[in-house]
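Novice: when you get a sec, could you give me coordinates for this:
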Amino acid sequence: MSAAAREAHVSRERFRTFLDAEEVASRHGRAWTITDNLVRELDMISQGRRQVVRVRGFDAASTIEKHNAAVRAFLRTRDIGLLTPFDGVVMTTPPARKHPLETRPNVLLRLASSDGAFEAVYRIII
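Specialist: Numbering: from 1, shown residues only. Now for the predicted structure:
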């Protein structure tokens, strides 16, 4: 934890207070366990349109960003195989709304041609 606090340019005490207050990590004896459960706001493509969603935790945000990267790569190369890992993947956002990730090539091409490049925005909501 000292190295992380040093990298963030804050004292260990302030860093520990942040971890406790935001419930980003929990302490078990002398070890800290990361329990990243922050809400992040991201742009995603689902059901034939772009939308901004809020997801909880790093794993869900990472999956959406990997999908966004695959879409950008698909638009550059037209390689449909880049989208196959996301077939049938559904993201759940609070309060329990389901958003299937868009993998239909024609829909993605139409969206890309309608209003320019799709740039992902990754914002942490505190």
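
Novice: where do the strands sit along this structure?
Specialist: Assigned by DSSP state E, the chain shows strands spanning 25-28, 31-34, 39-46, 49-56, 90-93, 97-100, 122-125.

Novice: so which of those gets nearest T63?
Specialist: Minimum separation from T63 across those (Cβ to Cβ) falls at strand 90-93, 6.7 Å. No exception for glycine: its C-beta is placed from N, CA and C like everyone else's.

Novice: which elements pack onto the closest one?
Specialist: Under the contact criterion of 3 or more Cβ pairs under 8 Å, 6 or more residues apart in numbering; DSSP states H and E, strand 90-93 touches strand 49-56, helix 58-77, strand 97-100.

Novice: for it, buried residues please.
Specialist: The neighbour-count check on strand 90-93 (16 or more other Cβ atoms under 10 Å) flags M91, T93 as buried.

Novice: before we move on, what about stretch 34-48?
Specialist: Applying 16+ other Cβ under 10 Å to stretch 34-48 flags L38, V39, R40, L42, D43, M44, I45, S46 as buried.

Novice: how is this structure partitioned into domains?
Specialist: 2-34, 39-125 (automatic domain parsing).

Novice: just name the most buried of these.
Specialist: domain 39-125 (a mean of 14; mean count of other Cβ atoms under 10 Å).

Novice: just the CA trace of stretch 64-77, in CSV.
Specialist: Presented in CSV, the C-alpha positions along stretch 64-77 are these (Å, rounded to 0.1, in the frame of the first residue of the first chain):
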residue,chain,number,x,y,z
ILE,A,64,-17.5,-3.1,-22.7
GLU,A,65,-14.1,-1.4,-23.5
LYS,A,66,-12.8,-4.6,-25.1
HIS,A,67,-16.0,-4.7,-27.3
ASN,A,68,-15.4,-1.0,-28.2
ALA,A,69,-11.9,-1.8,-29.2
ALA,A,70,-13.0,-4.8,-31.3
VAL,A,71,-15.6,-2.6,-33.1
ARG,A,72,-12.9,-0.1,-33.9
ALA,A,73,-10.6,-2.8,-35.2
PHE,A,74,-13.5,-4.3,-37.2
LEU,A,75,-14.3,-0.9,-38.8
ARG,A,76,-10.6,-0.6,-39.8
THR,A,77,-10.1,-4.2,-41.2
